[in-house]
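> Here is the input, now give the coordinates:
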Amino acid sequence: MRGSFSIKRERQPKPPKYAITVDGEQVTWTGQGRMPKPIKAAIDNGASLESFLIK
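Predicted coordinates:
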């Protein structure tokens, strides 16, 4: 049987969209998948997601 399988292509990594510095270490996030704990904690404490946007 020909043509009954699909070829999976490796995706290019997405550039980070959000960043926060915690204890001198920068944590980045593309905006997809699970939100990093430092960003989630900051949002829970009243910060807005837009404040972490990389310009």
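> mind listing the strands for this structure?
All strands of the chain, identified by DSSP state E, fall at 18-22, 25-29.
> so what does the last one touch, helix or strand wise?
Under the contact criterion of 3 or more CB pairs under 8 Å, 6 or more residues apart in numbering; DSSP states H and E, the helices and strands touching strand 25-29 comprise strand 18-22, helix 37-44. C-beta coordinates here come from the backbone N, C-alpha and C atoms, glycine included.
> angle of it against helix 37-44?
80 degrees (axes from the mean of the first three to the mean of the last three CA atoms, to 10 degrees).
> Sort out which residues of strand 25-29 are buried, please.
27, 29 (16 or more other CB atoms under 10 Å).
> cool, stretch 12-28 as well?
Buried positions in stretch 12-28, judged by neighbour count with 16+ other CB under 10 Å: 18, 20, 27.
> List just the nearest of those residues to residue 42.
Nearest to residue 42 among the buried residues of stretch 12-28: residue 20, at 6.4 Å, using CB to CB.
> doesn't residue 37 make contact with that closest one?
No. The criterion here is CB atoms under 8 Å, and residue 20 misses it with residue 37 at 10.3 Å.
> ok, the nearest residue to residue 19 once chain neighbours are set aside to residue 45 distance?
Nearest in space to residue 19, with sequence neighbours left out and distances taken as CB to CB, 6 or more residues apart in numbering, is residue 28 at 4.8 Å. Distance of residue 28 to residue 45, given as CB to CB, to the nearest Å: 19 Å.
> what's the answer for residue 18, then?
Distance from residue 18 to residue 45, by CB to CB: 16 Å.
> ok, residue 39 - how many residues close by?
The burial count assigned to residue 39 is 19, neighbours taken as other CB atoms under 10 Å.
> Equivalent analysis for the one 5 residues further on, please.
Using other CB under 10 Å, residue 44 has 8 other residues around it.
> Right, I'll call it a day here.
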